[in-house]
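**Student:** the sequence isn't on hand, but the structure is:
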């Protein structure tokens, strides 16, 4: 692959990776520990990610169990979860924190699918913007004695990349939507 194209391929790959990480935080009926990825806990005055201060397990399909390494952190973790956008009330017995995920309603599933599709559209827009940037950069190459044929060829390669990544986004969105709608 041409090194001029490689840079844009890398950017598009990062867009797909970002979409996948965003979709990982959307819960789909089953407990997924990635919903806790953005939760920060006050650990001796420093905002620390939950994964760095506790062991997170999924003992049942709809439950996440959080076992802090220091029992003094239970109050901090509970507070962080309650103030987050998770919408789940943590239960604690003094040693572990349990998050029980309720079954999603039909209406909530449809809302989540809409959200997934919005994120997919945003990823497609990002990919198309990368293609536009690439084409703009290729047009500037005319001043550097690059032939029109070569510039046209670069444009076609970027279009193939764009099509490939748009197809990837569609596939990812379809899979996530199916996962959410499966009861």
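**Tutor:** Received it, and whenever you're ready, just let me know what you need. Since the model is a prediction, treat every value here as computed from it, not as a measurement.
**Student:** residue 18: what's it in contact with?
**Tutor:** Residue 18 makes contacts with residue 123, as judged by CB atoms under 8 Å, 6 or more residues apart in numbering. For the C-beta atoms, the positions are set from N, CA and C on the backbone; glycine is no exception.
**Student:** wait, residue 19
**Tutor:** The contact partners of residue 19, by CB under 8 Å, 6+ apart, come to 119, 120, 123, 169, 172.
**Student:** could you redo the last one with a cut-off of 6 Å?
**Tutor:** Counting by CB atoms under 6 Å, 6 or more residues apart in numbering, residue 19 touches residue 123.
**Student:** again, but for the one 4 residues further on
**Tutor:** In this structure, residue 23 makes contact with residue 176, judged by CB under 6 Å, 6+ apart.
**Student:** a strand runs through it, doesn't it?
**Tutor:** No: counting by DSSP: H, G, I helix; E, B strand; the rest coil, one finds residue 23 to be helix, located in no strand.
**Student:** report pLDDT for it.
**Tutor:** Residue 23 is assigned a pLDDT of 82 by the prediction.
**Student:** cool, residue 152 as well?
**Tutor:** The model reports residue 152 with a pLDDT of 87.
**Student:** outline the domain layout of the chain.
**Tutor:** 3-25+105-181, 33-100 (automatic domain parsing).
**Student:** distance from the last one to the middle of the chain?
**Tutor:** Domain 33-100 has its C-alpha centroid displaced from the chain centroid by 20 Å (CA atoms, centre = their mean, to the nearest Å).
**Student:** between the two ends of it, how far is it?
**Tutor:** 12 Å (CA to CA, to the nearest Å).
**Student:** how about the first one?
**Tutor:** As for domain 3-25+105-181, its first-to-last residue distance stands at 42 Å under the measure CA to CA.
**Student:** same deal with stretch 61-78?
**Tutor:** Using CA to CA, the end-to-end distance of stretch 61-78 comes out at 21 Å.
**Student:** buried stuff in that stretch?
**Tutor:** Applying a neighbour-count criterion of 16 or more other CB atoms under 10 Å, one finds 64, 65, 66, 68, 73, 74, 76, 77, 78 buried in stretch 61-78.
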